[in-house]
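**Student:** starting from these lines, generate the structure:
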Amino acid sequence: MANNEEPLVKRADGKKGLTKHDLNQLWYRWQVGWFSSSSYEKLESHGFAWSYIPFAEKFYKDDPEGKARLLTRHSQFYNTEPQVGTVINGIVAALEEGIALGDDIPEEMPTSVKTALMGPLAGLGDSIIQGIVVPTLLSIGMSLSSDGSVAGPIFYIITWLIIGLAISYGMFRYGYKMGLGAIDTLVGEKSMRLMDAINVLGIIVVGTLAAGKVAVSTIVQIPHGAEMGALQDTLDGVFPGLLALIVTMVTWWMLNKKQWSATKVLLVLTAGVIVLCCIGFL
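**Tutor:** Modelled structure (predicted):
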């Protein structure tokens with residue numbers, strides 16, 4: 001416990017900065033509070049400001065004006081992907097520590113960093129979490145539940161909690177350790193190559209999931225010489241999974257190009273299936 005109360009960075013001026021306990025508090029309060037209170041005006045800023053209340057009590061106990069400025073600047077609009085995006089929380093923690101201890105850091109710097117990074121980190125985080133981690137875990141969970149087993153949902157809940165929390169905590173500590181030096185990695189040329197690689201991997205994962213989990217087949221019979229044969233057998237011989245691909249691409253078009261809601265897309269797909277079944281195609 002003593003180690004948790006020792007400053008993580010030993011400063012030449014002897015001032016005591018953040019301890020492991022302090023950092024864990026900042027991370028934990030963000031993790032449980034980032035979307036517990038939200039509005040279109042503020043989005044995730046309520047959780048960010050709430051995470052800094054213990055910080056304010058420690059460093060600004062005798063400076064109410066400094067405490068007010070700290071909480072005010074972190075109450076401004078903020079929105080990013082909450083797991084990978086915790087690297088921003090780590091960078092800001094390092095900056096706020098320096099400000100509280102009297103370093104030559106403008107008080108506007110943490111807000112500027114948040115504003116500059118929340119967009120790029122949202123794209124990077126969504127590519128990793130929504131494009132790779134979640135589809136992969138869901139595909140495994142659906143496979144486990146294909147016979148009606150409850151193992152699938154349990155697997156998904158537990159593994160997502162473990163992986164999501166691990167990513168969040170790891171990125172937070174990385175941001176604190178690197179400080180402003182992390183920005184070059186996050187928004188520089190290297191980040192563009194990383195984004196391209198992640199997007200390609202995400203496409204592969206989603207494509208594999210669609211091919212394995214989207215099952216569409218037709219019952220139409222077509223002439224095979226003197227006899228009738230299944231159109232599905234012909235399609236499978238030429239392009240296996242063609243109908244599943246068509247359904248997947250149409251769904252993507254409705255969601256991405258038409259910007260329809262998931263509920264509307266489900267209703268359209270349901271209506272389409274009913275019509276195709278009635279005319280004898282499915």
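**Student:** residue boundaries of the helices in the protein?
**Tutor:** Ranges of helices within the chain are 20-33, 45-51, 53-59, 64-73, 86-100, 109-128, 134-144, 151-178, 182-187, 189-213, 231-238, 242-252, 262-278, based on DSSP state H.
**Student:** buried deepest among those helices, which one?
**Tutor:** Highest mean neighbour count of the helices of the chain: helix 86-100, a mean of 24 (counted as mean count of other C-beta atoms under 10 Å). All C-beta atoms are positioned from the backbone trio N, CA, C, and that covers glycine.
**Student:** which strands and helices sit next to it?
**Tutor:** helix 20-33, helix 53-59, helix 109-128, helix 151-178, helix 182-187 (3 or more C-beta pairs under 8 Å, 6 or more residues apart in numbering; DSSP states H and E).
**Student:** what's the closest of these to residue 227?
**Tutor:** helix 151-178 (42.1 Å; C-beta to C-beta).
**Student:** that closest one: how far from the chain's middle?
**Tutor:** What separates the centre of helix 151-178 from the centre of its chain is 10 Å, taken as C-alpha atoms, centre = their mean, to the nearest Å.
**Student:** between helix 109-128 and that helix, find me the angle.
**Tutor:** For helix 151-178 against helix 109-128, the angle by axes from the mean of the first three to the mean of the last three C-alpha atoms, to 10 degrees is 150 degrees.
**Student:** include mean pLDDT and distance to residue 223 when you put the helices of the chain into JSON lines, please.
**Tutor:** Formatted as JSON lines, those follow (pLDDT from 0 to 100; distance: least, C-beta to C-beta, whole Å):
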{"stretch": "helix 20-33", "mean pLDDT": "89", "distance to residue 223": "62"}
{"stretch": "helix 45-51", "mean pLDDT": "89", "distance to residue 223": "64"}
{"stretch": "helix 53-59", "mean pLDDT": "90", "distance to residue 223": "75"}
{"stretch": "helix 64-73", "mean pLDDT": "91", "distance to residue 223": "74"}
{"stretch": "helix 86-100", "mean pLDDT": "89", "distance to residue 223": "62"}
{"stretch": "helix 109-128", "mean pLDDT": "83", "distance to residue 223": "47"}
{"stretch": "helix 134-144", "mean pLDDT": "85", "distance to residue 223": "38"}
{"stretch": "helix 151-178", "mean pLDDT": "91", "distance to residue 223": "43"}
{"stretch": "helix 182-187", "mean pLDDT": "59", "distance to residue 223": "60"}
{"stretch": "helix 189-213", "mean pLDDT": "64", "distance to residue 223": "29"}
{"stretch": "helix 231-238", "mean pLDDT": "79", "distance to residue 223": "10"}
{"stretch": "helix 242-252", "mean pLDDT": "83", "distance to residue 223": "20"}
{"stretch": "helix 262-278", "mean pLDDT": "86", "distance to residue 223": "21"}
